[in-house]
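> quick check, what structure comes out for this input:
(one chain, ligands or ions: 2)
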Amino acid sequence: MNLILLGPPGAGKGTQAKMLIEAYGIPQISTGDMLRAAVRNQTALGLEAKKFMDAGQLVPDQVVIGLAQDRIAQPDCAKGFMLDGFPRTVPQAQALDKVLAGMGKKIDHVISIEVANDELMGRLTGRRTCKSCGQGFHVMFDPPKAQGQCDKCGGELYQRDDDNEATVGNRLKVYNDQTAPLIDYYQKKGLLRPIDGVGGINDIQERIKAVLG
Ligand code: AP5
Ligand code: MG
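Ligands and ions are numbered 1, 2, ... in the order given. The predicted model follows:
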């Protein structure tokens, strides 16, 4: 099963993807996580991407298309994959269609997680993420058992550089301008599965599973 998780920053794409990995046995492909790893490793790509990420802007299409394409070709994606945060522009979606067609694959469902703008700021500024395993938490809505420490692996929790109010504001605007058109793009293809993204994290997981079967 090949999925896309679509939704604004803070909608819960990463949170739900981590739960779906276990439920469906398919990997999460987060271009955001891949870019942050490149920034940490100070690769040329990472240094270039950081400027865009810190400003809340999108990294150029050609860069992320290349990353996603290479990742989808890995053997662990043979039985399916979940794209989290890709595609984010119409040219990215068109490139993905081409790449998949070339591999004899297609997208089965686009899970569109819907959360109103006014809830997203609080979710993002309160987010904490594990440095070791990438598990996400929230200081109020999903707090770790021990402060600053990951429940899953004991790793150290950190706050993302782009989770400050100014950058989140830009990210939300960029989403509305450049990514929201994908809702219509996938609606027209009959692939859009809208999910109400407000409520308990487990309830939202059940809503997604009800759609996926
Ligand atoms: P990326 O890492 O993809 O960030 P994003 O799309 O802005 O999305 P987030 O990761 O912030 O949100 P999420 O939906 O995963 O929410 P989460 O589950 O963590 O991209 C970062 C940057 O990389 C971009 O700005 C861009 O520069 C670049 N980039 C990446 N991909 C790109 C691409 N394809 N093209 C170009 N550039 C690209 O949840 C958020 C918080 O809310 C957590 O604390 C969580 O605990 C909490 N939460 C989750 N669910 C609930 C709930 N139901 N109720 C209350 N709280 C909840
Ligand atoms: Mg995420």
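
> can we go C-alpha only for contacts and neighbour counts from here?
Noted.

> in which helix or strand would I find Met19?
Mapping Met19 onto the secondary structure by DSSP states H and E places it in helix 13-24.

> please compute how far that helix lies from its chain's middle.
Helix 13-24 has its average C-alpha position 11 Å from the chain's average C-alpha position, going by CA atoms, centre = their mean, to the nearest Å.

> the chain should start at 57 in everything you say after this.
Renumbered: residue one is now 57, and that last one reads helix 69-80.

> do me a favour and average the pLDDT over that helix.
Within the predicted structure, the mean pLDDT of helix 69-80 is 96.

> packing partners of that helix?
Where contact means 3 or more CA pairs under 8 Å, 6 or more residues apart in numbering; DSSP states H and E, helix 69-80 is packed against strand 58-62, strand 84-86, strand 137-140, helix 257-268.

> pipe the ones you listed into JSON lines and attach mean neighbour count, mean pLDDT and distance to Ser188 per row.
Listed next are the helices and strands packed on helix 69-80 as JSON lines, based on neighbours: other CA atoms under 10 Å; pLDDT from 0 to 100; distance: least, CA to CA, whole Å:
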{"stretch": "strand 58-62", "mean neighbour count": "23", "mean pLDDT": "98", "distance to Ser188": "23"}
{"stretch": "strand 84-86", "mean neighbour count": "22", "mean pLDDT": "98", "distance to Ser188": "15"}
{"stretch": "strand 137-140", "mean neighbour count": "24", "mean pLDDT": "98", "distance to Ser188": "19"}
{"stretch": "helix 257-268", "mean neighbour count": "14", "mean pLDDT": "97", "distance to Ser188": "22"}
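
> what about these, which gets the closest to ligand 1?
When the helices and strands packed on helix 69-80 are ranked by proximity to ligand 1, the top entry is helix 257-268, at 4.2 Å, counting by CA to the nearest ligand atom.

> now the angle between strand 58-62 and the closest one, please.
What separates the directions of helix 257-268 and strand 58-62 is an angle of 130 degrees, with axes from the mean of the first three to the mean of the last three CA atoms, to 10 degrees.

> now helix 257-268 against helix 69-80, angle please.
Using the same axes, to 10 degrees, helix 257-268 lies at 60 degrees relative to helix 69-80.

> and helix 257-268, how far out from the chain middle?
Taking CA atoms, centre = their mean, one finds helix 257-268 lying 16 Å from the centre of the chain it belongs to.

> contact residues of the protein facing ligand 1?
64-71, 87-89, 108-109, 112-117, 120, 141-144, 179-180, 182-184, 192-194, 197-198, 227, 253-257 (CA under 6 Å from any ligand atom).

> what about the residues you listed, which are in strands?
When strands are assigned by DSSP state E, the members of the residues of the chain next to ligand 1 inside them are 183-184, 192-194.

> hmm, which of those residues is lowest in pLDDT?
The member of these with the lowest pLDDT is Gly192, and it reads 94.

> Val115 versus that residue, what's the distance?
Separation of Gly192 from Val115 (CA to CA, to the nearest Å): 22 Å.

> just Ile260 next, same as before
Using CA to CA, one gets 29 Å for the distance from Ile260 to Val115.

> just Gly70 next, same as before
The gap separating Gly70 from Val115 is 19 Å, by CA to CA.
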